[in-house]
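# A predicted structure for the sequence below; I have some questions about it.
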Amino acid sequence: MSDRRDFFGKALGAFAGLGALGALYAAKRTWDPLPSVKAAGFTTVDLSKAEPNVLYTEMWRGKPIFILKVAKDDKAYSDKRLINVGGDKFFIAIGLCTHLGCIPAYFPDKHKFICACHGGQFDAAGEVLKSPPPSPLVIPPFKVDGKKVVLGEAGPEYKKLQEAGVVA
Ligand code: FES
């Protein structure tokens, strides 16, 4: 009987160990940055592996750039600030608070960015939810290239946002 209990104890331990490994692997995948290539002021980011509602941060000209893929059924975003990349919707912005330049944190369960410096809040498309930030998170110049985005180059999609008054 105790042999049987030992067997079940070990099997349960092995099962729990596998579960923990799986959780670690999933966590590591979301911590890994998206693959990117930098050249002469441009940064090309491959978005094909981006997971929905996971914030990726890329560096471009010394500034953090937030990249967030929208889950298909997510209504928490204001559509006019989203970018279509290879059939998926993304929010891309310079990750600096428009109040005094702190880096806001993203809370995936709340679908919002919260700035720890003075309590400013932005929705998941960078619109201000709570002052003091005076304006939305800034969308950098970008160009869509298949499933990639080139930061620093103003492509037709960026110009469309300019015409719509979404970016200056
Ligand atoms: S710097 Fe973000 S709220 Fe002041």
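Yep, it's here. Numbers count the residues shown, from 1 in each chain.

# contacts and neighbour counts: CA atoms only from here.
Fine.

# list the contacts for T57?
P33, P64, I65, F66, I67, G95 (Cα atoms under 8 Å, 6 or more residues apart in numbering).

# If we use 7 Å, what do you get?
P64, I65, F66, I67 (Cα atoms under 7 Å, 6 or more residues apart in numbering).

# partners of the third one in the sheet?
Note on F66: beta-bridge partners T57, A93, judged by DSSP bridges.

# neighbours around it, how many?
By the criterion of other Cα atoms under 10 Å, F66 has 22 neighbours.

# what does the second one give?
Other residues within reach of I65, judged by other Cα under 10 Å, total 22.

# Then K69?
Under the criterion other Cα under 10 Å, the count of neighbours that K69 has is 23.

# related to what we said a few turns ago, for the ligand, tell me which of the contacts of T57 show up nearby.
Contacts with the ligand are made by none of the contacts of T57, judged by Cα under 6 Å from any ligand atom.

# ok, of those residues, which one's closest to K112?
Closest approach between those and K112, by Cα to Cα: F66, at 12.5 Å.

# That closest one against L96, yeah?
No. Using Cα atoms under 7 Å, F66 is not in contact with L96, being 9.1 Å away.

# so D109 sits in a strand?
No. With DSSP: H, G, I helix; E, B strand; the rest coil as the criterion, D109 is assigned coil and is not in a strand.

# Quick check: which element contains F122?
Per DSSP states H and E: F122 is located in strand 121-123.

# who does whatever helix or strand comes next after that strand pair up with?
Heading C-terminal from strand 121-123, the first helix or strand you meet, by DSSP H and E, is strand 128-130. Using DSSP bridges, the strands paired with strand 128-130 are strand 121-123 (antiparallel).

# what comes into contact with the partner strand?
So strand 121-123 is contacted by H111, K112, F113, I114, C115, V128, L129, K130, S131 (Cα under 7 Å, 6+ apart).

# OK, contacts around the spatially closest residue to the fifth one that is not a sequence neighbour?
Distances taken as Cα to Cα, 6 or more residues apart in numbering put P104 closest to C115, at 4.1 Å, once the chain neighbours are dropped. Contact analysis of P104 by Cα under 7 Å, 6+ apart lists G95, L96, C97, F113, I114, C115, A116.
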